[in-house]
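Trainee: next comes the sequence, and after it the predicted model I'd like to discuss.
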Amino acid sequence: MMAVSLTVFNWLLATLSVVLLPHVTHIPLWVSLTWIAIAFWRYVIARYKYKLPSALVRLTLVLTAIIAVVAQFGTLLGRDAGVSLLIVMLALKLLEIRQQRDVIITLFLAYFLILSQFLFDQSAFMVIYLVLGSWLVTSTWMLSQQTMISSRRALKQGAVLLLQSIPVMLILFLLFPRIQGPLWKLPGDSEMARTGISDSMSPGSISKLSLSNEVAFRVEFEQNTPEHSTLYWRGPVLWDYDGRSWHNNTSAQKVKTWVASTGKPVRYSVTLEAHNRRWLFGLDYVVAPESNMTITTDGQLLSRNKVDERIRYKLVSRPVANWPPTLPAAQRSRALEIPPNGNPRSRQMAQRLSQEYPDIQQRTHYLLQYFGQDPFTYTLNPPRLGKNSIDEFLFTTRRGFCEHYASSFVFIMRASGIPARVVTGYQGGEYNTLGNYLIVRQSDAHAWAEVWLDQQGWVRIDPTAAIAPERIEYGIEAALPEALPVLGLLRTNISFLRNLVLAWDGVNNLWNIWVMSYGPELQNSVLRRLGILNWTQMAIWMTALSSLIVALYLLVWWKKERQSINDPVVNAYMQLCRKLQRAGIRRRTWEGPLDFAQRIKKIRPDLYTSIGPVLHAYQALRYEPTGRSRYNRADLVKAMRRVKLKRNKV
């Protein structure tokens, strides 16, 4: 095996660094620092030709790395621990690279490291980045296997190999049988913390969430998109209040088939990002859930399992629910429950309202007007509240986000004898005209109230609409222009940048629908459109297309071989190799012209002076058409045929 040149080693270090870069955001800092330190150490060894560390030193480093990973994660198994261990071991592998074989093993590990990134991120951008990484790994492989090859030519060869693999990849992607469930997932991934609506709400919780521009879900409507003000995406319903926080207790609710709803149906598809909870989001009121969904008595749409991967589902909603004429006693008691102590001023206000406004609608109207007065402010940066948070908000700070208004409204309603509850979810969204779908982000998180009115049922009342109606009509950026710098590029008013962001989101949406969501159902749908109706036909198509591609590759190879056979330069070179073999110098199978010339120089320096220039010229004419040579084609053929050799076995 040949030794590794400094050029190849520099390429190897650069390529591995590019492949490693996406992992930096989700591995411990010490792992990244370990990689940097060992890579620099190995570069110095290669640059100044120092000795590699002994086997004992390498073994000590390996054991230390294993102990460090176990200390960090408590295990060597799982995604995070496994990837961290792989990166550290890849770094340590650099310390034993001596020959081409070691480079090949390292490049195999680099391919595996590329695959491991999909356990963290499967976005279109990451795929593009990792394809570039694969190109670099393949090009480094080409560079390591050929002496005197230019970096530009190695990059070209790597690109050609990747392009040749695309037809096979597409056939396998479209036709290979799909299994239910995610491909890029490991046990324990569902326990990861993710941004999103939670099962509780306290002062400041939603305002913090609204600072995130992460996508919560995307929606495609079959017909026209409803008005922005009607887009209330229902999530967890919060019944229980402990004096500071509202909580959801789904297990305490009887799960049932949803009550009938009336009104014009709205049909739409939702692509929901993973949030590691069971709840799904839909418009009020869902009437046709899919088979793997359930609806609780308070209208929450739940998945049977935690949403620990991106999912896509279809819903039909109608705007009016046919509630029973009276609220069941158990639900009424729960919807009136408040802590026995705390917030005395709010309780007094509630008692006064119940006496002055016995009519429930008048009472709710008064409280909404109260919120609409000048002293109240809608803000993303509310002050912290103490023990009596409702009192402090209503009578002291009067600055809050949607959760402050919804919480205070429901508390006053309950204290005045009106059943009420808090509903959390999202409101509105941004319509992407470039893809004809709605983007709902975490910054659209919202909380509102529902009160029970006899003969009407649960009625939505949004206190935020009283203090900041533009939030409901146009979105958070309209209600809080000062939040634009915080929300960043995705909410910018610069039309060019906004369109650029929306265009890229459209690419991501198509990627999610047609690639990441390409499961058994979508595959069957696509294959039916292609006329493939069963497994037998699928196998026939796979075999036929694969055979066609192999035949095309063989045809291209055959044509190149024929060109080589009919090429006088190639024929002259083969005759020269046979002459050298008769003289005792056999060209090895893997040797190119330059490698062959270098070996001749070592074992027969007397022949190199005449043969070396000829072989270099052949390399230039054959493999580097743009390169300069001292011979033209005809002269090179004559020069190779003029070489005279004597038998001298080596």
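Mentor: Everything's here; your move.

Trainee: pull the longest helix from this structure.
Mentor: helix 535-565 (DSSP state H).

Trainee: for that one, packing partners?
Mentor: Judged by 3 or more CB pairs under 8 Å, 6 or more residues apart in numbering; DSSP states H and E, helix 535-565 is in contact with helix 151-175. Backbone N, C-alpha and C define where each C-beta goes, glycine included.

Trainee: how many neighbours does Asn322 have?
Mentor: For Asn322, the neighbour count with other CB atoms under 10 Å is 12.

Trainee: thinking again about what came up before, show me how far the next helix or strand after the longest helix of the chain is from its chain's centre.
Mentor: Later in the chain than helix 535-565, the nearest helix or strand by DSSP states H and E is helix 568-582. Centre-to-centre, helix 568-582 and its host chain are 55 Å apart (CA atoms, centre = their mean, to the nearest Å).

Trainee: what's helix 568-582 packed up against?
Mentor: helix 593-603, helix 605-623, helix 633-642.

Trainee: can we see that at 10 Å?
Mentor: Packed against helix 568-582 by the contact rule (3 or more CB pairs under 10 Å, 6 or more residues apart in numbering; DSSP states H and E) you find helix 535-565, helix 593-603, helix 605-623, helix 633-642.

Trainee: mind putting the ones you listed into CSV with mean neighbour count and distance to Leu115?
Mentor: Below are the helices and strands packed on helix 568-582 laid out as CSV (neighbours: other CB atoms under 10 Å; distance: least, CB to CB, whole Å):
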stretch, mean neighbour count, distance to Leu115
helix 535-565, 12, 23
helix 593-603, 17, 33
helix 605-623, 18, 32
helix 633-642, 16, 45
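
Trainee: which stretch among these comes nearest Ser5?
Mentor: helix 593-603 (12.2 Å; CB to CB).

Trainee: now the angle between helix 605-623 and the longest helix of the chain, please.
Mentor: Note on geometry: by axes from the mean of the first three to the mean of the last three CA atoms, to 10 degrees, helix 535-565 and helix 605-623 are set 130 degrees apart in direction.

Trainee: now helix 535-565 against helix 151-175, angle please.
Mentor: 160 degrees.

Trainee: relative orientation of helix 535-565 and helix 568-582 in degrees?
Mentor: Going by the same axes, to 10 degrees, helix 535-565 makes 80 degrees with helix 568-582.

Trainee: quickly note the distance from Leu103 to Leu497.
Mentor: If you look again at residue 103, you'll see it is Val, not Leu. Per CB to CB, to the nearest Å, Val103 is found 43 Å from Leu497.

Trainee: quick one, which of the two is more surrounded?
Mentor: More crowded of Val103 and Leu497, by other CB under 10 Å: Val103, with 22 against 12.

Trainee: quick check: that one is in a strand.
Mentor: No. Per DSSP: H, G, I helix; E, B strand; the rest coil, Val103 lies outside any strand segment and is helix.

Trainee: and the nearest residue to it once chain neighbours are set aside, what is it in contact with?
Mentor: Spatial nearest neighbour of Val103, chain neighbours left out: Ser144 (4.7 Å); criterion: CB to CB, 6 or more residues apart in numbering. Counting by CB atoms under 10 Å, 6 or more residues apart in numbering, Ser144 makes contact with 2, 4-5, 7-9, 11-12, 100, 102-104, 106-107, 154.
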